[in-house]
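[1] this one's sequence-less:
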């Protein structure tokens, strides 16, 4: 693969590289790691890349890689830049004939996401999106249990994603991660919903198998002199009559990365916390709550395939991330071999989730600003 | 004390009696335990009451007790009936000159609560309300920490109260507790909000020290053929700019009595779960989360006074309930002795909380039925 | 009941009174609350006792109560003094014809316990011992599950009871509770094993249904200038081939009252923590761990009978203690009525547990001092 | 690196490869993956190795690699075979001039470990041992806190390592992992102590900074017809007067990989569970327990250097394992560059831990068979 962004000091670039490395199936062969050509070179060298595969910018990268013999050139581009660059880079990559695996949110705004989908459709190339949390084995188990009807009809979905790291003005304290996420020119129209609320919405839909149909939102900017929201509470309505709550925050002091989902059906319920990802709770009305654990013999095929270690040897965020990479690289391999995607390979967030995510962010901002209670989440 | 309601088979009557017994300061001297005179007699006998102090109905009780010499007659009435009887009994007691300690919600509707307040004011008698959860030591600690400014300005309050016991039609299965709570003639206009949402709202205001000023509500009746809500999600706004979420449900299968509150300030946060009531979490941005425990030397005076056992000897719901009884009986004793209430005695939910609770229930129902987003929570 | 000891400032006296009060079935009618006649009077008055039923010492109490008409006099004596007084008081009570409910450990040494058993046998009176932790509903469930064979043959029992409150010289800091427990003249030959290790040993035998047959012990006095052990680690062997570990400590800083038991069979395992007493874990090899909760419909009769509140309304230490009182007073009532004990009433620690506890303490001290590895736990 | 063992179907080989891959600093260049040359070839191909670097056996591997130009040949050998092969392979590697990173236990018996140490000393080559659990960030924090004196003088160490996977005869059910671990010819004289007890002993010494000086052991074979122990309880004594307990088991049904350590000092205590490795508890006598979390700003340098993700993005077993690989490969790099090891690089278990581990296993078996209580843990 080739990488755009993710040079030294960038958090998510290193994460992507580890995720790509874990299974020994993906090789980083080139990159344009920074908007500064010099810093790109330093990063490329630290990654043991030959100098001629470390590019000054993503345009050079697309052009030069395209010119290489097929067996040498990168097979896909991983995009790990701030949001506003996602679309132009993805566009350039697709136009140059490369598959794209992008960090979320997919683009800067909904319009770009719709344009991107058109481009993906036109080129027939593969597009993946790193909704990391769908990569956890027990999230796959939760999804499977609901799909199998074990919980009955779903009534309520409560999804939370509180973080506390932006509870004060980190953006003034040389915190690069904070600075761009709170800058409307780089992040888009939302900080909290754009950065993490979108994960929560995606997870709710992924696990429940239900689409959100209406929302009622109240976003807030608690820290003064910020242009974007740092907190939000949203009431949800789903197809089929289920209801829900989405609570996402960047000012919840002491909360780390506390993504948490509870889904209640008319036969049973489930609960999962990202910070203890190897436990899934199944709750019943007439028998004891069950604690399912990653690696358990009693888990389904999707969870089992997504697991690398035996029970009790905790897997974490990097392994979940690696599962997204594994699925996406599996798609590329299948495509190259003219094969259908198998279940595991197919289970990778793609362009539809990309569009839906951007639509969610825009709707949340619109709905919050409105006196109208309910706002329809349109299918785009 | 004398008791109205709470005969054999009633859940909450036995709870009240244990709460009254615990400290050996309150004696049950009479009662009208059932709408059936026969059942009242059986219950009274089982409670070792003399036959002449076991009454056929609450009217007889008020009349006869009033006629007894002062040192013999009951000093207050504990009301533990279904909601629709709270007001008439309280009214009869106050008019007969007895203090009243009532189960919640205070009355059948807001109008009755306002009438009750007028009566309490007129008679000058004491009125207490068993918002049990305010009786927990660590809830008192949480309130004190916030009042002392330890968390800074409060930004967000997330309070939940999911239960699962009404996820199916228990009301058809000889479950008396379920039947009256879901009957609009006995319970009032709400089941979920009236029975437990009102606890959550009270707890949010009690701990944060902030009043709710606006709400946006979405109540639901998930189980078919029910007249009242069995679930609700509410967005909250508080004075001072704090925001919040209230999630309350009776259809959350596998959740027992999962009252849970998180309050986020600009300096720190706290978290407390009713099912593990002896732990209070204080969360900070720049140092480790602290786990405070009931009985700890480092706790404040209100928590310490509310505690009966040393650290590690878990206290529970009955002790919290007993703290309400202890405060209320302390008020009666202070009043009898012409003393001011001390801090501990004063800390008992009363008529203002009664009115506020009924107003909350009515507002939640109104707001849920409305297309308008925000509804003002008026001071009554 | 009458009480000996437990005047103002005594921890365990207040606990016993609450436990006796909870169910409204037991009335405190007299007491000798302190070795100081004056303090006894003050305590008695605070407890609303008539002056003539507050005695200067336990001998007066036995004599005077015995002289009262049967329907007036106390029915049993609760002993809540330091250890060295347990036997003489119990002896006096039995000889005066009163049943005895004693705090643990039963006596000052094994010889006294054997003498006590002889006396109980001779008088035919009832004797109960407050091994409080056997009163928890889920401990009764655990015992029942093992007795029913659900875990198969028991292989391993791991019981722990660490506390941290004696990690420094509390005995020098006006801590009365610490002072007598560390004084060989008042406590006996052991502090840690005598005060809490004996609870752990009893719980292991109660839940597993197996008797300890051999031990290998290493007791320690960590805090300088102490005469008695403040920590101990013991290897256990049980009848039937099970093995075990008992870890008990008073110097485990930050541990409160962390009694914890795990029992492993060849079909399944269980785990229970006293500090979260409303959860019992059942662990299996081939299916998810189950979380049983106090009040669950799926629990057996003994757990259900020992429970006062619905699921999710946490019960604690005082309710467990009250279950011991309820069983013992049930025995007295049954005896008075010429009835057999029912299951619930019979489930009260008695004279055999008293003897066994004292034998355990002495054996632990002996074994620890010995170079020999294994020491037989004789049946006395 | 080159790998010996770890072909398809082997659990630990895949783990080692992931651990080596994660940071993109180590390349697998050759291997002898199985005792079957055919299976070695299949595994090598699946790992994208060129056919000429996939060897039929480890002897061929050493010989051929040695013959390659220095810049091409492997730099170290990772040994991931059953125990009985560790020594001969390590010996062959060292004699051929290659550094060695070995799975634990280091050798088949103590004599081999002593021979191995002699060889390491003679060759001056590097030797590392994968005591994985020392790789966790919070274990490094725990060690640092104790070394800094925060807990004061250490009094007690309680370390547990229960697993349940061998509670029945897995060795008869085509479970290859079970079969060799229970075969004295492949595993050595112990199963439970050799496979996991040795981890627990190492962790106790690593974190406490204290050496075990005496033990009293009771090992058991619970499952019939087994030649080796599947459970053990050991009393420990440490230099400086600390005492301890080691509980390790393979028959603890429902326990996964429940390594758990508690260390009590005279100023404070700590607690860590491998299954939730991102939390470290610090417990104090006079202030609330603190919950430290991986990635916290308040952690020391060693923990921080060992962490790859921000707080709340859980790291797990594979990352801990990768930290061992990172330290060992850092040693090779430093050696190659003529540099001293820095703190992070130096923090890798080595030949002394190898010898000590084998001595522990032999002593545990000897002590268990003896009637003598205490057995000295000699320095070898």
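    On my side now, so go ahead. If you're wondering where the values come from, they're calculated on a predicted model, not measured in any experiment.
[2] Chain D contacts on the stretch 151-300 of chain A?
    By the criterion of Cβ under 8 Å from any Cβ of the partner chain, the positions of the stretch 151-300 of chain A lying close to chain D are A:163, A:165, A:255-258, A:274-278, A:293, A:295. No exception for glycine: its C-beta is placed from N, CA and C like everyone else's.
[3] Make TSV out of the residues you listed and add pLDDT.
    Listed next are these as TSV, based on pLDDT from 0 to 100:
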residue	pLDDT
A:163	98
A:165	97
A:255	98
A:256	98
A:257	98
A:258	98
A:274	98
A:275	98
A:276	98
A:277	98
A:278	98
A:293	98
A:295	97
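[4] Identify the farthest-apart pair in those residues.
    Considering Cβ to Cβ, no two members of these lie farther apart than A:165 and A:295, which are separated by 30.9 Å.
[5] one step back: restrict the residues of the stretch 151-300 of chain A next to chain D to contacts with chain B.
    Taking Cβ under 8 Å from any Cβ as the test, chain B is in contact with residue A:255 out of these.
[6] Tell me which of the residues of the stretch 151-300 of chain A next to chain D fall in strands.
    If you go by DSSP state E, those have residue A:293 in strands.
[7] Pull out the buried members of the residues of the stretch 151-300 of chain A next to chain D.
    Applying 16 or more other Cβ atoms under 10 Å in any protein chain shown to those, the neighbour count classes A:163, A:165, A:255-258, A:274-278, A:293, A:295 as buried.
[8] As TSV, those with distance to residue D:31 would be great.
    As requested, these are arranged in TSV below (distance: Cβ to Cβ, whole Å):
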residue	distance to residue D:31
A:163	43
A:165	43
A:255	45
A:256	39
A:257	37
A:258	42
A:274	36
A:275	37
A:276	36
A:277	32
A:278	30
A:293	32
A:295	26
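[9] which SSE is the residue lying closest to residue A:375 once chain neighbours are set aside in?
    Spatial nearest neighbour of residue A:375, excluding adjacent residues (Cβ to Cβ, 6 or more residues apart in numbering or on different chains): residue A:367 at 4.0 Å. In this assignment (DSSP states H and E), residue A:367 forms part of helix A:351-369.
[10] surely residue A:310 meets residue A:296?
    No: taking contact to mean Cβ atoms under 8 Å, the distance of 10.1 Å between residue A:310 and residue A:296 leaves them out of contact.
[11] who's more crowded, these two?
    Taking residue A:310 and residue A:296 together and counting by other Cβ atoms under 10 Å in any protein chain shown, residue A:296 has the greater number of neighbours (22 against 17).
[12] Where does the closest residue to that one other than its chain neighbours sit: helix, strand or coil?
    Across the structure, with Cβ to Cβ, 6+ apart as the measure, the residue nearest residue A:296 apart from its sequence neighbours is residue A:311 (6.1 Å). Under DSSP: H, G, I helix; E, B strand; the rest coil, the three-state class of residue A:311 is coil.
[13] Who is the residue lying closest to residue A:258 once chain neighbours are set aside paired with across the strands?
    With sequence-adjacent residues excluded and distances taken as Cβ to Cβ, 6+ apart, residue A:258 is closest to residue A:162, at 5.0 Å. In this structure, residue A:162 has beta-bridge partners residue A:249, where bridges are defined by DSSP bridges.
[14] For residue A:162, list the residues it contacts.
    Residue A:162 makes contact with A:247-249, A:252, A:255, A:258 under the criterion Cβ atoms under 8 Å, 6 or more residues apart in numbering or on different chains.
[15] residues of stretch A:340-358 that come out buried?
    Those would be A:341, A:344-345, A:347-351, A:353-358, for stretch A:340-358 by 16+ other Cβ under 10 Å.
[16] let me fix that: stretch A:287-300
    For stretch A:287-300, burial by neighbour count (16+ other Cβ under 10 Å) applies to A:288-296, A:299.
[17] ditto for stretch A:212-229
    The neighbour-count check on stretch A:212-229 (16+ other Cβ under 10 Å) flags A:212-223, A:226, A:228-229 as buried.
[18] Would that stretch count as contacting chain B?
    Yes: Stretch A:212-229 comes into contact with chain B (Cβ under 8 Å from any Cβ), by way of A:216, A:218, A:220, A:222.
[19] Just to be sure, which of those are found in strands?
    Cross-referencing the residues of stretch A:212-229 next to chain B against strands under DSSP E gives A:216, A:218, A:220.
[20] Quickly list what the second one is bridged to.
    On the basis of DSSP bridges, residue A:218 takes part in beta bridges with residue A:233.
[21] Please give me every residue in contact with the residue in chain A sticking out farthest from the centre.
    For chain A, the C-alpha lying farthest from the average C-alpha position belongs to residue A:286; by Cα atoms, centre = their mean, that distance is 36.3 Å. By Cβ under 8 Å, 6+ apart, the contact list for residue A:286 reads C:297-298.
[22] Helices along chain A, start to end?
    Chain-ordered helices for chain A, with DSSP state H as the definition, fall at A:11-21, A:37-46, A:58-67, A:86-95, A:110-123, A:137-147, A:176-181, A:184-187, A:192, A:198-208, A:301-305, A:317-336, A:343-346, A:351-369.
[23] Can you give me the domain boundaries for chain A?
    Taking automatic domain parsing as the criterion, chain A consists of the domains A:2-132, A:134-309+A:354-369.
[24] so residue A:195 makes contact with residue A:187?
    Yes: counting by Cβ under 8 Å, residue A:187 is a contact partner of residue A:195 at 7.3 Å.
[25] shared neighbours of the two, anything?
    The contact lists of residue A:195 and residue A:187 share residue A:181, where a contact means Cβ under 8 Å, 6+ apart.
[26] Please say which of these two ends up with more neighbours.
    Per other Cβ under 10 Å, whichever of residue A:195 and residue A:187 has more neighbours is residue A:195, with 25 against 21.
[27] Quick check: closest non-adjacent residue to the more buried one.
    residue A:181 (5.5 Å).
[28] Output the below-cut-off pLDDT ranges for chain A.
    Applying pLDDT under 70 to chain A picks out no residues at all.
[29] Give me the nearest residue to the residue of the stretch 101-250 of chain A found nearest chain D, chain neighbours excluded.
    Sorted by distance to chain D under Cβ to the nearest Cβ, the residues of the stretch 101-250 of chain A start with residue A:163, at 7.2 Å. Taking Cβ to Cβ, 6+ apart as the measure, residue A:163 lies nearest to residue A:250, with 5.1 Å between them; neighbours along the chain are not counted.
[30] got a list of what residue A:358 touches?
    Taking Cβ under 8 Å, 6+ apart as the contact definition, residue A:358 lies against A:105-107, A:109-110, A:112-113.
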